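Visitor: Just to be clear, the model below is a prediction. Sequence and coordinates:
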Amino acid sequence: MPLQSLDFRGQPALQLALPDGSACTVALHGAQVLSWMTADGIERLYLSPDARFDGRSAIRGGVPICWPQFNQRGLLPKHGFVRNIAWRAEAGGTDGPADTLVLTLHDDEATRAIWPHAFHARLAVTLAPRSLRVALHIDNTGGAPWSFAAALHSYLRVDELTEAHLEGLQGANRWDAVRDDRHVDLAPALRFGTEFDSVYTAPAQPLHLVQPAGTLEITQSASCTETVVWNPGPELSVRLEDLPDDGWRHMLCVEAARIDEPVLLAPGGNWVGWQQLTVL
Ligand SMILES: O=P(O)(O)OC[C@H]1O[C@@H](O)[C@H](O)[C@@H](O)[C@@H]1O
C-alpha cells in the first residue's frame, strides 16, 4: 500500500496516495485528516494557515474527531479530549480501488485522569478515487458501561462561501445555537454569510454542497443521528486566533454527529459512526 510517513508543520503524519493521483494526509495528533486531494489536484478540505501544530492544541481544519463529548455539553474539555492527543498508526489495507489507513487510541493513565473509562478507539480513513470515508470505531474494553457523544467535524473547503449553498436539510428539525431557537428548517438550501451554528436531526438522504466549481455529496451512518453545520462568519473569524480573518469564506463545517441521545456502551460493546464525502 502506498503509505508514507512525513513531517507536516513539525508534526508526524501519514500520507496515503492512489495510482490516480488522489491522496490524503492524516496527523497522528488527534488522528486528524488534514488534507484530501482528488486526482484533478483540487484540495477538498480546509486547513487554516494559522492552525496550531504544537502537539497539544486542537488543529483548526481537516477532520477533527470530537469524542467523547460534543462541544461544551459536559464537564470534559470542549469537543472531548481525543483531538488533543497523539494516536498510533496501525496497518491498514486495500480493497479494490480503495486504500484504508488506520489509527488507534487506547485509554492510559493520562486519558483516565481526564475520563475514567477503558476504551479502544479506531479511526479508519478510506480513500477511493473520488471519495473519502472517515469511520470512528469505539469499543468498551472495561467492566462498566459508559456513554459518549461524537462528531466527525469536517472542514469542507469552498472557493467562496457566499457563492455556495447546502442542500438536503429542508424539513429537518433544527436547533439554531446562535439564536437558541428550535424549528423545522423550511429552506430548500442553506446560504451563508454570517455566523451559522446549528444542530439538525440527520436526514436519511445525502446532503449536497453546491458550488459553481462542482458538487460534493455528504453521507453519514444512521448511527450518527445529527448533522451539525457550522461557519464562524466574519465577526467570530476575527476572534479565532487560529483562523485568518477571511477564513470563514473558504470553509464550511458539515459534521456527522451523535449528540442528543448519547450512545450507552455496555462492557464489550462497540459502536461505529462514519461520514463519506464524494465528488460528483
Ligand atoms: O473552536 P472549536 O472548539 O474547534 O469549535 C468549533 C465549533 O464546532 C462546532 O461543532 C460547534 O457547533 C460550534 O459551536 C463550535 O464553535
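Guide: Ah, there it is. Quick caveat: nothing in here was measured; it's all calculated off a predicted structure. Residues are numbered from 1 along each chain as shown.
Visitor: which residues does Gly21 contact?
Guide: Going by Cβ atoms under 8 Å, 6 or more residues apart in numbering, Gly21 touches 39, 41. In this view, the C-beta of every residue, glycine as well, is placed from N, C-alpha and C.
Visitor: Contact residues of the stretch 51-200 of the chain facing the ligand?
Guide: 58, 71, 78-79, 153, 177, 197 (Cβ under 6 Å from any ligand atom).
Visitor: 8 Å instead?
Guide: Neighbours of the ligand within the stretch 51-200 of the chain, by Cβ under 8 Å from any ligand atom: 58, 60, 64, 66, 70-71, 78-79, 83, 151, 153, 177, 197-199.
Visitor: Out of these, give me the one that has the most neighbours.
Guide: Within these, Ala151 tops the neighbour count with 30 neighbours, counted by other Cβ atoms under 10 Å.
Visitor: got a list of what it touches?
Guide: So Ala151 contacts 65-67, 70, 79, 228, 255-259 (Cβ under 8 Å, 6+ apart).
Visitor: Distance of it relative to Val254?
Guide: Using Cβ to Cβ, to the nearest Å, Ala151 is found at 11 Å from Val254.
Visitor: quick one on the thing from earlier: which among the contacts of Ala151 gets closest to Ala98?
Guide: Of all the contacts of Ala151, Ala98 sits closest to Ala256, with 18.8 Å by Cβ to Cβ.
Visitor: Across the sheet, point out what pairs with the closest one.
Guide: Judged by DSSP bridges, the bridge partners of Ala256 are Leu152, Thr227.
Visitor: Same question for Leu252.
Guide: With DSSP bridges as the rule, Leu252 is bridged to Leu156.
Visitor: List the residue ranges of the stretch 1-150 of the chain that fall below the pLDDT cut-off.
Guide: Filtered on pLDDT under 70, the stretch 1-150 of the chain yields the residue ranges 1.
Visitor: Strands of that one, start to end?
Guide: Secondary structure of the stretch 1-150 of the chain by DSSP state E, counting those that start in this stretch: the strands cover 3-8, 11-17, 23-27, 32-37, 65-66, 88-95, 98-106, 119-128, 131-140, 146-152.
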